[in-house]
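# got a predicted structure here, sequence first:
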Amino acid sequence: GQQLNQSPQSMFIQEGEDVSMNCTSSSIFNTWLWYKQDPGEGPVLLIALYKAGELTSNGRLTAQFGITRKDSFLNISASIPSDVGIYFCAGHKPYGGSQGNLIFGKGTKLSVKP
Amino acid sequence: DTEVTQTPKHLVMGMTNKKSLKCEQHMGHRAMYWYKQKAKKPPELMFVYSYEKLSINESVPSRFSPECPNSSLLNLHLHALQPEDSALYLCASSQDRLAERTQYFGPGTRLLVL
């Protein structure tokens, strides 16, 4: 099925560093969602964005709904070891039939720098 | 409370077995979803129930049979599965399928088919 372009695919973090990841699409979206998934667990919703230009924070996490409605980014400030995991962006296109389904990016894997 | 629960956490079954996965939410959500997730991939949509009626079947083989006994419960009946069906099965719910679509996921059932 259709997927969003999420980058980077993986990155290594050192404690205290800021982290940034983004998702882009060739189509407009009505909603952008950011999830974090730990191994063997379900995705946990971090931030939900509903309006173009919206900037929302959740603790050390900040996400924005791009003004063109075709992209979103997630920033993590002052990373800590428990930030490791896989981050998925997901979005809803303007609804109608299967276009109402949630579309996922391929994920960004955060690991600790050796 | 944004909790979706799933049982069992882990399941091992043979190709001739019949088993069921269960999902429950008490958020008053009227849309519920089954996803299949393979390692290092995003979740793939299988079924969507809206107001207890099946609204989307993403061409899932008939060896997977969903059931929505009431607005809080969602089951996935499994029969004659294949080893390639081994995956993490995720349940999710949202307030409804079209207007308030932010999805909350359960912890998943890790299924191994031998």
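Arrived safely.

# kindly export the host helix or strand of A:Ala48 (C-alpha atoms) in CSV.
In this assignment (DSSP states H and E), A:Ala48 forms part of strand A:44-49. Only the C-alpha atoms of strand A:44-49 are listed here, as CSV (Å, rounded to 0.1, in the frame of the first residue of the first chain):
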residue,chain,number,x,y,z
VAL,A,44,2.2,4.6,21.3
LEU,A,45,0.7,7.9,20.2
LEU,A,46,3.1,10.8,20.9
ILE,A,47,1.6,13.7,19.1
ALA,A,48,-1.4,14.3,16.9
LEU,A,49,-1.6,17.3,14.5
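
# so where does the most centrally placed residue in chain B fall, helix or strand?
Residue closest to the mean C-alpha point of chain B, counted by C-alpha atoms, centre = their mean, is B:Trp34 at 2.9 Å. Assigned by DSSP H and E, B:Trp34 belongs to strand B:31-37.

# tell me the residues of chain A that contact chain B?
Residues of chain A lying close to chain B by C-beta under 8 Å from any C-beta of the partner chain are A:1, A:3, A:31, A:33, A:35, A:40-45, A:48, A:86, A:88, A:90, A:92, A:95, A:98, A:100-102, A:104-107, A:109. (Each C-beta comes from the backbone N, C-alpha and C, glycine too.)

# show me the strands in chain A, by range?
For chain A, the strands defined by DSSP state E occupy A:5-7, A:10-13, A:19-24, A:31-37, A:44-49, A:55-58, A:61-65, A:71-76, A:85-92, A:102-104, A:108-112.

# many thanks, have a good one.
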